[in-house]
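Enquirer: this is a predicted model, with the sequence first.
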Amino acid sequence: MSDPKPLLFALYEQASVGCGGAPSLWTHPADERLTANTFDFWSNQARIADQANLDMLFFADVLGFYDVFGGNADAAVKWAVEAPANDPLMIIPGLAAITRQLAFGATVTTTYEHPFTHARRFSTLDHMTHGRIGWNIVTSYLSSAARNFGLEQMIRHGDRYARAEEFMDVVYKLWEGSWAEDAVVADKVRQVYAQGDRVKPVDHIGEYYRVAGPHLCAPSPQRTPLLIQAGWSGRGREFAAKHAELIFIAKSDPHEIRQGLEEIWAMAEARGRNRGDVQSLTVLRIVTAKTEIEARRKYDELQSHYHLEAQLVSYAGDTGFDLSRYADSDALSNHTEGLTSYMMRPDGSGKPLTAGDVRKRFASVTRGTDLILVGTPQQVADRIEAHARISGTSGYMLNPLTSPGTLEDFVELVVPELQKRGLYRSQPQAGTFRSRLRADGASRLPPSAYGASFRSAW
């Protein structure tokens, strides 16, 4: 039997006081998220992750407050639910400067950004990080964000994906096709930086965008940043099969994860891509200590600082269901703005969820459908190993319950156990983000990638 392959591990973060892991746990005495507006908070996290050889520090992001619960943003502000939301792109360059190999993932929406400025921003980040940058592609889901950009209501799901597809075409043209590989000469003697005939406009004219170009940045180490995507809907899976190199999965059932990945891999292969070109990270939360008794004590302490209302604010923003208007016996109704997929019980019975069902599901830290492991380091490592074997996931995205406590516990207690099993890398990786994930060590998109089709035949 061959030796096990090390899994990928990343740290999930948000540039906010209330992180999506459990938005009210900033109230825990040991949590330091009230200092999230300082560079010291982020530099400490990045240094721990870098020294522990984590693969990535990932930033989720939102462009509006969670204002569905109660019909306003009062509860979101009270509990700091994914708020206040600073711009992670302003934090990453500083963290890149103080780390050696840690890669960074940043969430940017295709719905409210413009592809020309977006392409320049990520090319700059790719240069400044020496190729350690990935882009998490989202289409946004908050109605408050739509209003912040002058829209009366959120663009429909299908239309957001149509806009995203054209957005991708434009940035591929800029990143992959605007500058020839040999355009930059950088010759002081000849007094030539770049050959004008090797840099050309993209002249894109589409339904949503008109972009002339050329791209303002010279080719960066990866040209196109590593592409991350989290859509799990049917349309989201199609998008992932076409574009994504790393999928972010917020599910716990390993069989469900395997089924979804197999579907995405099959669609990717139908496009001429290899299965290995699409890897994945599953959200993971842990509570661990040297003994089971101590781990349970830690969990109970977390529970004492966990507040249901804060979680329901998050749930309302994610789904559109404002449970402040429901009695426990009320079934979730599609008369609201809520997503139909959240109305039915997950047991396959076909019965609608009631508000009481949801409140019960989210009443504790071990809530919802996310993967949370409580136990000794050996127990946690055992469950990670078993879950990865069944699910086929490439690795895990550690979602902190307290910061930096969850990360410190993972690094000090769980990582040594994973290393014993060959499931965690012992040596730092060099090179670009993409080169570390690819079997061929290439920094650029492979020829089979959709984005590579925009390379000009110079």
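Expert: Noted; the coordinates are in hand. Source: prediction; values computed, not measured. Numbers count the residues shown, from 1 in each chain.
Enquirer: count the residues that sit near the nearest residue to residue 275 once chain neighbours are set aside.
Expert: Of all residues not flanking residue 275 in the chain, residue 265 sits nearest, at 4.6 Å (C-beta to C-beta, 6 or more residues apart in numbering). The way it works is simple: take the backbone N, C-alpha and C, and place the C-beta from them, glycine included. For residue 265, the count of nearby residues is 20 (other C-beta atoms under 10 Å).
Enquirer: now residue 115
Expert: 23.
Enquirer: pretty sure residue 42 sits in a helix.
Expert: Yes - according to DSSP: H, G, I helix; E, B strand; the rest coil, the state of residue 42 is that of a helix.
Enquirer: that one against residue 96, yeah?
Expert: No - contact criterion C-beta atoms under 8 Å: residue 42 and residue 96 do not qualify, at 11.3 Å.
Enquirer: tell me which of these two has more neighbours.
Expert: residue 42 (23 against 20).
Enquirer: what segments of this structure are strands?
Expert: Assigned by DSSP state E, the chain shows strands spanning 8-14, 56-60, 103-109, 133-138, 184-187, 192-194, 204-205, 210-211, 226-229, 246-249, 279-288, 371-375, 395-398.
Enquirer: now for the residue nearest to residue 275: which residues touch it?
Expert: Listed by C-beta atoms under 8 Å, 6 or more residues apart in numbering, the contact partners of residue 265 are 241, 275, 278.
Enquirer: of those, which belong to helices?
Expert: Taking DSSP state H, the ones among those that sit in helices are residue 241.
Enquirer: columns pLDDT on top of the contacts of residue 265, output as JSON lines?
Expert: Listed next are those as JSON lines, based on pLDDT from 0 to 100:
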{"residue": "241", "pLDDT": "97"}
{"residue": "275", "pLDDT": "94"}
{"residue": "278", "pLDDT": "98"}
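Enquirer: can you say which of the contacts of residue 265 are buried?
Expert: 241, 278 (16 or more other C-beta atoms under 10 Å).
Enquirer: quick one: low-confidence parts of the protein?
Expert: 1-2, 334-350, 367-369, 457-458 (pLDDT under 70).
Enquirer: give me that answer again for 50
Expert: Scanning the chain for pLDDT under 50 picks out the ranges 335-340, 343-344.
Enquirer: what's the burial count for residue 248?
Expert: The burial count for residue 248: 24, using other C-beta under 10 Å.
Enquirer: who does it bridge with?
Expert: Listed beta-bridge partners, residue 248: residue 281 (assigned using DSSP bridges).
Enquirer: thinking again about what came up before, for my notes, please list the strands of the chain in JSON lines and give distance to residue 85 for each entry.
Expert: Putting those into JSON lines (distance: least, C-beta to C-beta, whole Å) gives the following:
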{"stretch": "strand 8-14", "distance to residue 85": "7"}
{"stretch": "strand 56-60", "distance to residue 85": "10"}
{"stretch": "strand 103-109", "distance to residue 85": "11"}
{"stretch": "strand 133-138", "distance to residue 85": "14"}
{"stretch": "strand 184-187", "distance to residue 85": "37"}
{"stretch": "strand 192-194", "distance to residue 85": "38"}
{"stretch": "strand 204-205", "distance to residue 85": "31"}
{"stretch": "strand 210-211", "distance to residue 85": "28"}
{"stretch": "strand 226-229", "distance to residue 85": "19"}
{"stretch": "strand 246-249", "distance to residue 85": "18"}
{"stretch": "strand 279-288", "distance to residue 85": "19"}
{"stretch": "strand 371-375", "distance to residue 85": "24"}
{"stretch": "strand 395-398", "distance to residue 85": "19"}
